[in-house]
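[1] Take this sequence and fold it.
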Amino acid sequence: RTGGITMRIDLAVWPAASGSPVTDDVPGTTTVPVAYDCEVGQARWQPIAPTPPAGRAVTFVDGVRRMEARAWLTPDDGTTVPGLVGSWAAGAIRCDGRAAIVDTRVRRGLFSTAPGRPGLEADGLVFRACTSRSDTDDGLRNALQARMRELELEVAADLSGDDGLVVVDGPLRRRLPGRAVGYVK
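    Predicted structure coming up:
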(Lines give C-alpha, C1' and ligand atoms only; values in the text may rest on other atoms or scores of the structure.)
Protein backbone atom coordinates (compact mmCIF):
# COMPACT_ATOMS: atom_id res chain seq x y z
CA ARG A 1 0.00 0.00 0.00
CA THR A 2 1.22 3.48 -0.83
CA GLY A 3 -0.63 6.76 -0.44
CA GLY A 4 -3.97 4.98 0.06
CA ILE A 5 -3.48 2.98 -3.17
CA THR A 6 -3.05 -0.77 -3.10
CA MET A 7 -0.50 -1.82 -5.70
CA ARG A 8 0.36 -5.34 -6.80
CA ILE A 9 3.98 -5.78 -7.92
CA ASP A 10 4.97 -8.77 -10.05
CA LEU A 11 8.66 -9.41 -10.73
CA ALA A 12 10.06 -11.32 -13.70
CA VAL A 13 12.42 -14.21 -13.07
CA TRP A 14 14.01 -13.47 -16.44
CA PRO A 15 17.23 -11.43 -15.96
CA ALA A 16 16.45 -7.75 -16.60
CA ALA A 17 19.70 -7.17 -18.50
CA SER A 18 18.74 -9.93 -20.98
CA GLY A 19 15.85 -7.93 -22.43
CA SER A 20 12.19 -8.66 -22.17
CA PRO A 21 11.03 -12.29 -22.17
CA VAL A 22 7.90 -11.29 -24.12
CA THR A 23 9.48 -9.44 -27.06
CA ASP A 24 11.97 -10.27 -29.79
CA ASP A 25 14.54 -7.64 -28.78
CA VAL A 26 17.52 -10.02 -28.90
CA PRO A 27 20.52 -8.16 -30.38
CA GLY A 28 22.11 -9.56 -33.51
CA THR A 29 25.77 -10.39 -33.99
CA THR A 30 27.98 -7.51 -35.11
CA THR A 31 31.60 -7.28 -36.20
CA VAL A 32 33.59 -4.11 -35.61
CA PRO A 33 37.14 -3.79 -36.95
CA VAL A 34 39.72 -2.70 -34.35
CA ALA A 35 42.69 -0.52 -35.30
CA TYR A 36 45.65 -1.59 -33.15
CA ASP A 37 48.16 0.90 -34.50
CA CYS A 38 46.47 4.28 -33.99
CA GLU A 39 49.18 5.55 -31.59
CA VAL A 40 52.18 3.30 -32.25
CA GLY A 41 52.74 0.31 -34.48
CA GLN A 42 51.46 -2.95 -33.04
CA ALA A 43 54.98 -4.46 -32.94
CA ARG A 44 56.27 -1.47 -30.88
CA TRP A 45 53.37 -1.36 -28.41
CA GLN A 46 54.28 -1.62 -24.74
CA PRO A 47 52.83 -0.33 -21.48
CA ILE A 48 54.06 3.08 -20.40
CA ALA A 49 54.46 3.83 -16.70
CA PRO A 50 52.99 7.28 -16.03
CA THR A 51 54.97 9.84 -14.08
CA PRO A 52 52.57 11.51 -11.64
CA PRO A 53 52.93 15.27 -11.20
CA ALA A 54 54.59 16.10 -7.88
CA GLY A 55 52.27 17.24 -5.10
CA ARG A 56 49.03 16.85 -7.05
CA ALA A 57 46.42 14.20 -6.50
CA VAL A 58 44.07 12.95 -9.18
CA THR A 59 40.71 11.54 -8.11
CA PHE A 60 38.74 9.37 -10.52
CA VAL A 61 34.94 9.14 -10.13
CA ASP A 62 32.92 6.45 -11.88
CA GLY A 63 29.60 4.71 -11.50
CA VAL A 64 27.88 1.44 -12.26
CA ARG A 65 24.26 0.43 -12.70
CA ARG A 66 22.50 -2.88 -12.58
CA MET A 67 19.03 -3.89 -13.71
CA GLU A 68 17.89 -6.26 -10.96
CA ALA A 69 14.45 -7.27 -12.27
CA ARG A 70 11.64 -6.24 -14.55
CA ALA A 71 8.42 -5.43 -12.74
CA TRP A 72 4.75 -4.96 -13.53
CA LEU A 73 2.78 -2.68 -11.21
CA THR A 74 -0.99 -3.06 -11.05
CA PRO A 75 -3.06 -0.68 -8.88
CA ASP A 76 -6.64 -1.36 -7.78
CA ASP A 77 -8.04 -0.13 -11.11
CA GLY A 78 -6.37 -3.10 -12.89
CA THR A 79 -4.17 -1.04 -15.24
CA THR A 80 -0.71 -2.63 -15.44
CA VAL A 81 2.39 -0.46 -15.90
CA PRO A 82 5.90 -1.83 -16.54
CA GLY A 83 8.69 -1.04 -14.10
CA LEU A 84 12.35 -1.74 -13.49
CA VAL A 85 14.04 -2.65 -10.22
CA GLY A 86 17.58 -1.32 -10.31
CA SER A 87 20.68 -0.51 -8.30
CA TRP A 88 23.32 2.10 -8.99
CA ALA A 89 26.54 3.15 -7.31
CA ALA A 90 29.32 5.69 -7.65
CA GLY A 91 32.73 5.84 -6.08
CA ALA A 92 36.06 7.58 -6.20
CA ILE A 93 39.71 6.55 -6.17
CA ARG A 94 42.36 9.11 -5.23
CA CYS A 95 45.81 8.68 -6.75
CA ASP A 96 48.69 10.58 -5.14
CA GLY A 97 51.58 8.17 -5.45
CA ARG A 98 49.28 5.35 -4.33
CA ALA A 99 45.64 4.57 -5.08
CA ALA A 100 43.01 4.63 -2.34
CA ILE A 101 39.23 4.33 -2.42
CA VAL A 102 37.94 7.56 -0.88
CA ASP A 103 34.18 7.31 -1.44
CA THR A 104 31.51 4.73 -2.32
CA ARG A 105 27.74 5.22 -2.46
CA VAL A 106 25.00 2.73 -3.37
CA ARG A 107 21.34 3.44 -4.16
CA ARG A 108 18.38 1.26 -5.17
CA GLY A 109 15.06 2.04 -6.79
CA LEU A 110 11.87 0.80 -8.42
CA PHE A 111 11.40 2.86 -11.60
CA SER A 112 7.97 3.32 -13.16
CA THR A 113 5.44 5.82 -14.46
CA ALA A 114 2.71 4.40 -12.18
CA PRO A 115 0.73 7.03 -10.26
CA GLY A 116 1.33 6.63 -6.53
CA ARG A 117 4.29 4.42 -7.43
CA PRO A 118 5.58 2.42 -4.50
CA GLY A 119 9.00 1.42 -3.38
CA LEU A 120 9.89 -2.18 -2.68
CA GLU A 121 11.52 -3.98 0.24
CA ALA A 122 13.07 -7.40 -0.29
CA ASP A 123 15.53 -9.37 1.84
CA GLY A 124 16.45 -6.30 3.89
CA LEU A 125 17.09 -4.15 0.79
CA VAL A 126 15.01 -1.02 0.20
CA PHE A 127 14.27 0.02 -3.38
CA ARG A 128 12.74 3.51 -3.20
CA ALA A 129 10.10 4.76 -5.62
CA CYS A 130 11.74 6.44 -8.65
CA THR A 131 10.08 8.27 -11.52
CA SER A 132 10.57 7.37 -15.15
CA ARG A 133 9.34 9.63 -17.96
CA SER A 134 8.55 6.61 -20.12
CA ASP A 135 7.53 3.04 -19.39
CA THR A 136 9.35 1.61 -22.42
CA ASP A 137 12.45 -0.54 -21.86
CA ASP A 138 14.65 2.33 -23.08
CA GLY A 139 12.80 4.86 -20.93
CA LEU A 140 13.21 2.78 -17.78
CA ARG A 141 16.91 2.09 -18.49
CA ASN A 142 17.49 5.79 -19.22
CA ALA A 143 15.93 6.74 -15.88
CA LEU A 144 18.31 4.33 -14.11
CA GLN A 145 21.26 5.71 -16.11
CA ALA A 146 20.28 9.29 -15.18
CA ARG A 147 20.24 8.43 -11.46
CA MET A 148 23.70 6.88 -11.76
CA ARG A 149 25.02 10.03 -13.49
CA GLU A 150 23.48 12.21 -10.75
CA LEU A 151 25.21 10.14 -8.08
CA GLU A 152 28.56 10.37 -9.92
CA LEU A 153 28.22 14.16 -10.00
CA GLU A 154 27.26 14.22 -6.30
CA VAL A 155 30.43 12.31 -5.41
CA ALA A 156 32.52 14.53 -7.71
CA ALA A 157 31.05 17.73 -6.23
CA ASP A 158 31.85 16.58 -2.70
CA LEU A 159 35.48 15.83 -3.68
CA SER A 160 36.26 18.58 -6.20
CA GLY A 161 37.02 21.19 -3.54
CA ASP A 162 40.10 19.19 -2.51
CA ASP A 163 43.54 20.02 -3.87
CA GLY A 164 44.17 18.23 -7.14
CA LEU A 165 42.09 17.22 -10.11
CA VAL A 166 38.81 15.28 -10.22
CA VAL A 167 38.16 13.24 -13.36
CA VAL A 168 34.50 12.28 -13.83
CA ASP A 169 33.39 9.51 -16.17
CA GLY A 170 31.31 11.12 -18.90
CA PRO A 171 30.70 14.73 -19.83
CA LEU A 172 30.26 17.33 -17.08
CA ARG A 173 26.75 18.72 -17.34
CA ARG A 174 27.14 21.19 -14.51
CA ARG A 175 29.92 23.30 -13.10
CA LEU A 176 31.74 21.78 -10.14
CA PRO A 177 33.84 23.67 -7.59
CA GLY A 178 37.61 23.30 -7.85
CA ARG A 179 39.31 21.51 -10.69
CA ALA A 180 37.12 18.91 -12.39
CA VAL A 181 36.99 17.52 -15.91
CA GLY A 182 34.67 15.11 -17.67
CA TYR A 183 36.22 12.22 -19.57
CA VAL A 184 34.35 10.32 -22.27
CA LYS A 185 35.89 6.97 -23.19
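
[2] the helices in the chain, which residues?
    137-159 (DSSP state H).

[3] quick one, strands of it?
    Here the chain has its strands, by DSSP state E, at 7-11, 58-75, 81-95, 99-112, 120-122, 125-131, 165-169, 180-183.

[4] Now distance to residue 148, mean pLDDT and mean neighbour count too, for those, in a markdown table please.
    The way it works is simple: take the backbone N, C-alpha and C, and place the C-beta from them, glycine included. Formatted as a markdown table, these follow (distance: least, Cβ to Cβ, whole Å; pLDDT from 0 to 100; neighbours: other Cβ atoms under 10 Å):
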| stretch | distance to residue 148 | mean pLDDT | mean neighbour count |
| --- | --- | --- | --- |
| strand 7-11 | 21 | 80 | 16 |
| strand 58-75 | 4 | 91 | 19 |
| strand 81-95 | 4 | 94 | 21 |
| strand 99-112 | 8 | 95 | 17 |
| strand 120-122 | 19 | 84 | 15 |
| strand 125-131 | 12 | 92 | 16 |
| strand 165-169 | 10 | 89 | 22 |
| strand 180-183 | 15 | 83 | 16 |
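
[5] what would these look like in JSON lines with distance to residue 158?
    Formatted as JSON lines, these follow (distance: least, Cβ to Cβ, whole Å):
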{"stretch": "strand 7-11", "distance to residue 158": "34"}
{"stretch": "strand 58-75", "distance to residue 158": "10"}
{"stretch": "strand 81-95", "distance to residue 158": "9"}
{"stretch": "strand 99-112", "distance to residue 158": "7"}
{"stretch": "strand 120-122", "distance to residue 158": "28"}
{"stretch": "strand 125-131", "distance to residue 158": "21"}
{"stretch": "strand 165-169", "distance to residue 158": "10"}
{"stretch": "strand 180-183", "distance to residue 158": "11"}
